[in-house]
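**Student:** What shape does this take:
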Amino acid sequence: MDEMTTAFDEYLVRRAPYNDHIRAQGDLPWFEDPARRLAVCKRLGLPPATEPLEVRRALFERSGLGTGRNSSYTNRGENLV
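**Tutor:** Numbers count the residues shown, from 1 in each chain. Presented below is the predicted three-dimensional model:
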């Protein structure tokens, strides 16, 4: 498993409580809402039928999270930047 995949997996775990809170408030996280997900797909140049998890991964990678650039997901131990 490469560092980016590990960082993305950690991101998913860390975001789960936030997404649960959104659902508890009667809304959907953006990636579960077809219209909002489509808007992100268009912005990223992804096909409209891209799976929600892959849209999230593409946005995560595009954001620079997990690359050591402005990232708490890799800024620890020997990966400190």
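
**Student:** List the residues that contact the nearest residue to Arg36 once chain neighbours are set aside.
**Tutor:** Leaving aside its chain neighbours, Arg36 sits nearest to Trp30 (4.2 Å; criterion: Cβ to Cβ, 6 or more residues apart in numbering). For glycine as for every other residue, the C-beta is placed from the backbone atoms N, C-alpha and C. By Cβ atoms under 8 Å, 6 or more residues apart in numbering, the residues touching Trp30 are Arg36, Arg37, Val40.

**Student:** Could you check how far Trp30 is from Glu61?
**Tutor:** Relative to Glu61, Trp30 is positioned 17 Å away (criterion: Cβ to Cβ, to the nearest Å).

**Student:** immediately after the longest helix along the chain, which helix or strand?
**Tutor:** Across the chain, the longest stretch assigned as helix under DSSP state H is helix 3-24. Proceeding N to C from helix 3-24, the next assigned helix or strand is helix 34-44, under DSSP states H and E.

**Student:** in that following helix, what counts as buried?
**Tutor:** Taking 16 or more other Cβ atoms under 10 Å as the basis for neighbour counts, the residues of helix 34-44 that come out buried are Arg37, Val40, Cys41.

**Student:** Repeat that for stretch 6-18.
**Tutor:** Using 16+ other Cβ under 10 Å, the residues of stretch 6-18 that count as buried are Ala7, Phe8, Tyr11.

**Student:** Now that stretch: average pLDDT?
**Tutor:** Average pLDDT, stretch 6-18: 94.
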